[in-house]
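Peer 1: Have a look at this fold, sequence not included:
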DNA sequence: ATGCTATGTGATACCGGTACCATGCTCAGG
DNA sequence: CCTGAGCATGGTACCGGTATCACATAGCAT
């Protein structure tokens, strides 16, 4: 007890004893066991953070934001890479419960993640979803307005003359995919066009998926003149496929997507994108989960919807259109 | 005890009791407390991973590799972003000790990280350095051959005609900076040239640093014809500064660097780089630290040196040289 | 001298698991 | 019928902290 008092700087220890303890602490290089403290206090000081792919710059920037806020509040971050795999996600969630993480920030795999997350809900576990919502699960959420963003993107393509715009997206059980497709359809409708199912290709939202989907699109006759990719990685895969096919963006095929890749934009501002405030996803989510931890599980769930911006660069062909509008359409 | 036996599937419980316990576990949604287990077993099941910048693709890919290996071995990963800040790094290291992480993988800030790491050494804490070594600290290490890589890169620039090659690097207390500069100098020497101190600009190894350093280089008269950036982020900053200056890479200024940015290379294979096997840094480091945990602190420290490859693309101006070698030099 | 408070220190219990041992019961063998 | 083995179950202690309380000693007033 006396040692505990000294270490925690609590009053009620004689100066003499305090010095002796301090000397022993130094000599033995003693560091109090945080696990034991956690057991006593029922506070692990840990937040979970589950994302589908940490190497995707969208998520790595988001992670940085969340980690910074968490650390400043005295929390550690357990990072988990779900690889978009429901079973793995489930393991991670269970691990959070078992190790008594005090809160969880998660970019869920999709709507089916609900089964993985209900145990948390049941326990009133502080939980914040990022990027994607989960159908039927009511909890704190930080997302961008995907419908509006997608509509902007599609409208832009339409405005510069594109009529056959293919979409590379994920299955509909991912909320962002659903919403972005909805925005796309809404833009078409506003332009008096009908959405054609054959133009919508569903795949995994990574480079390989984008690549495969693009190959399929390039086989179509008549060939679409533009492609709308559901995120940055699918766009890169698509880009690769287009180049392998001997075509040039934007001359032969326009390409736009969600999520800017900042590093990439610095090197060459090429991709026309809808940019989301990525780091803010992380910082806001961390703040929400910390508030939830501090304030108890009560209170209605909060939905933060962030604005996203259309960044018109080269890959959409806007400049090409400006100089020779009749060239291709 | 009986509950413990049932949960751990230990024999010696009657089928009847076992069923009753299982029913109670289900009803109460009981999950054993991992913190308490950790206290008992003195095993936290946690690995620490400290990197200077998680949003740098080099590190985020490395993190993914490490996390995957750790998880498969049943370990959780505490991710820490040191921001290249020694004080912050110290905090993180102390936290690892306090919370009894079983091992630590760290890309240290620099040689001065030694003071932060000696407490670990003293405790025989399983420790693996990645990317950078720490002068005077003997422990497990995964790195690339920076000297050879830098020599390749500089030799290539020399071979296509460059003579005034500026270097943007970090202070010498970072091992990779030291070694890459050494490789550069060695290439110059082999070509019968002398290194000029005015061509070496030291800065922070991030985009802002690269930007500032490049601005300085662009003021020089005579202006260097090529720049060797110590890593990917400095190269991007340099690129930005070059463009802001109204110049074009590689026509007006060649640019090469360490570390490929894969996403970027997919979009447009532009930067000539020395590519390190990034993910392998992470997987190998995780394997080493797991072995160290399993095998005890004994045994000599192991140094893994990975090969790196020169990827000649456009930014070095090799193609330019090939078509009109006399154009600029 | 006696009583009272203030102060410093340590004993005890508990957080939630598990190792180890004790107990009680059943059943087979002598 | 008694003994001992074998099984099921629970008691106790401990991991390493901390909250709480008990107690010893000192200092002061009466």
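Peer 2: Right, received. Where do you want to start? Since the structure is predicted, the reported quantities are computational estimates derived from the model, not experimental observations.
Peer 1: what about the strands in chain A?
Peer 2: Assigned by DSSP state E, chain A shows strands spanning A:46-51, A:76-81, A:103-106, A:127-130, A:140-144, A:165-169, A:200-202, A:226-229, A:254-258, A:272-275, A:303-306, A:309-311.
Peer 1: Could you identify which of these is most buried?
Peer 2: strand A:226-229 (a mean of 30; mean count of other Cβ atoms under 10 Å in any protein chain shown). All C-beta atoms are positioned from the backbone trio N, CA, C, and that covers glycine.
Peer 1: contacting residues around it?
Peer 2: The contact list for strand A:226-229 (Cβ atoms under 8 Å, 6 or more residues apart in numbering or on different chains) reads A:150, A:153-154, A:157, A:162, A:164-168, A:184, A:210, A:214, A:217, A:235, A:238, A:253-258, A:316-317.
Peer 1: same question, stretch A:168-182
Peer 2: A:109-112, A:131-135, A:143, A:146-147, A:149-150, A:167, A:200-205, A:209-210, A:213-214, A:217, A:227-231, A:234-235, A:238, A:258.
Peer 1: before we move on, what about stretch A:127-143?
Peer 2: A:62, A:103-108, A:110-111, A:113-114, A:117-118, A:120-121, A:144, A:173-176, A:281-282, A:284-285, A:288-289, A:292, A:301-306.
Peer 1: give me every residue that touches the one residue in the stretch 51-200 of chain A that gets nearest to DNA strand D.
Peer 2: DNA strand D sits closest to residue A:100 of the stretch 51-200 of chain A, with a gap of 13.3 Å, by Cβ to the nearest atom of the strand. Contacts for residue A:100 (Cβ under 8 Å, 6+ apart) come out as A:38, A:42, A:44, A:46, B:33, B:34, B:35.
Peer 1: And the residues you listed, which of them are buried?
Peer 2: Buried by 16 or more other Cβ atoms under 10 Å in any protein chain shown: A:38, A:44, A:46, B:33, B:34, B:35, out of the contacts of residue A:100.
Peer 1: The fifth one touches residue B:45, doesn't it?
Peer 2: Yes. Counting by Cβ atoms under 8 Å, residue B:34 sits close enough to residue B:45 to count as a contact (7.4 Å).
Peer 1: Show me whatever sits in contact with both of those two.
Peer 2: In contact with both residue B:34 and residue B:45: residue A:99, using Cβ under 8 Å, 6+ apart.
Peer 1: Tell me the residues on the stretch 1-150 of chain A that lie near DNA strand D, please.
Peer 2: Contacts of the stretch 1-150 of chain A with DNA strand D, taken as Cβ under 7 Å from any atom of the strand, map to A:1, A:4, A:7-8, A:30-33, A:36-37, A:39-41.
Peer 1: how about those, which pair is most distant?
Peer 2: Maximum pairwise distance among these (Cβ to Cβ): 19.3 Å, between A:30 and A:41.
Peer 1: low pLDDT regions in chain A?
Peer 2: Along chain A, segments meeting pLDDT under 70 span A:321-329.
Peer 1: what's the lengthiest helix in it in contact with?
Peer 2: The helix that spans the most residues within chain A, counting by DSSP state H, is helix A:278-295. Residues from elsewhere that reach helix A:278-295, judged by Cβ under 8 Å, 6+ apart: A:47, A:57-58, A:61-70, A:73, A:75, A:102-105, A:126-128, A:130-131, A:140, A:142, A:144, A:259-260, A:299, A:302, A:304, A:306.
Peer 1: Give me the distance from that helix to the chain's centre.
Peer 2: Here helix A:278-295 is found 14 Å from its chain centre; the criterion is Cα atoms, centre = their mean, to the nearest Å.
Peer 1: ok, the residue in the stretch 101-250 of chain A positioned nearest to chain B - contacts?
Peer 2: At 4.7 Å from chain B, residue A:236 is the closest residue in the stretch 101-250 of chain A, using Cβ to the nearest Cβ. By Cβ under 8 Å, 6+ apart, the residues touching residue A:236 are A:207, A:210, B:263, B:266, B:267.
Peer 1: wouldn't the first one be in contact with residue B:266 here?
Peer 2: The one in question is residue A:207. Yes. Between residue A:207 and residue B:266 there is a contact under Cβ under 8 Å: 7.0 Å.
Peer 1: quick one: residue A:259 and residue A:58 touch, right?
Peer 2: Yes. Taking Cβ under 8 Å as the definition, residue A:259 is a contact partner of residue A:58 at 4.9 Å.
Peer 1: who in the stretch 1-150 of chain A is up against chain B?
Peer 2: Residues of the stretch 1-150 of chain A that fall close to chain B, judged by Cβ under 8 Å from any Cβ of the partner chain: A:29, A:31-36, A:38-39, A:44-46, A:49, A:53-55, A:57, A:60-61, A:63-64, A:67-68, A:71, A:76-81, A:94-95, A:97-100, A:119, A:122-123.
Peer 1: which non-adjacent residue is nearest residue A:191?
Peer 2: Among residues not flanking residue A:191 along the chain, residue A:158 sits closest, at 4.8 Å (Cβ to Cβ, 6 or more residues apart in numbering or on different chains).
Peer 1: Residues of chain A that sit close to DNA strand C?
Peer 2: Within chain A, the positions adjacent to DNA strand C are A:1-2, A:5, A:11-14, A:16-18, A:36, A:39-40, A:42 by Cβ under 7 Å from any atom of the strand.
Peer 1: Any quick PyMOL command for the buried ones out of those?
Peer 2: Only the buried members of the residues of chain A next to DNA strand C end up in this PyMOL selection, burial being decided by 16+ other Cβ under 10 Å:
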select buried, chain A and resi 13+39
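Peer 1: Of the contacts of residue A:100, which is the nearest to DNA strand C?
Peer 2: Nearest member of the contacts of residue A:100 to DNA strand C, counting by Cβ to the nearest atom of the strand, is residue B:33, at 3.3 Å.
Peer 1: which phi and psi does the residue lying closest to that closest one once chain neighbours are set aside have?
Peer 2: Spatial nearest neighbour of residue B:33, excluding adjacent residues (Cβ to Cβ, 6+ apart): residue A:100 at 6.4 Å. With angles defined as degrees, to the nearest 10, residue A:100 sits at phi 60, psi 40.
Peer 1: on that earlier part again, turn the contacts of residue A:100 into a markdown table, including distance to residue B:271.
Peer 2: Shown next, in a markdown table, are the contacts of residue A:100 (distance: Cβ to Cβ, whole Å):
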| residue | distance to residue B:271 |
| --- | --- |
| A:38 | 46 |
| A:42 | 51 |
| A:44 | 43 |
| A:46 | 39 |
| B:33 | 50 |
| B:34 | 45 |
| B:35 | 47 |
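Peer 1: if you look at the residues you listed, which of them are in helices?
Peer 2: Those of those mapping onto helices are A:38, B:34, B:35, per DSSP H.
Peer 1: Now do the same contact list for the last one.
Peer 2: Taking Cβ under 8 Å, 6+ apart as the definition of contact, the neighbours of residue B:35 are A:35, A:38, A:39, A:44, A:99, A:100.
Peer 1: Specify which member of these is nearest to chain B.
Peer 2: Lowest distance from chain B to these (Cβ to the nearest Cβ) belongs to residue A:99, with 3.9 Å.
Peer 1: distance of the closest one from residue B:22?
Peer 2: Distance of residue A:99 to residue B:22, computed by Cβ to Cβ, to the nearest Å: 22 Å.
Peer 1: quick one: which of these two has more around it?
Peer 2: Legend: neighbour count by other Cβ atoms under 10 Å in any protein chain shown for residue A:99 and residue B:22, higher for residue A:99 (22 against 13).
Peer 1: wait, that one sits on residue B:76?
Peer 2: Yes. The pair residue A:99 and residue B:76 passes the contact test of Cβ under 8 Å, sitting 7.2 Å apart.
Peer 1: list residues touching both of these two?
Peer 2: The contact lists of residue A:99 and residue B:76 share A:78, B:45, where a contact means Cβ under 8 Å, 6+ apart.
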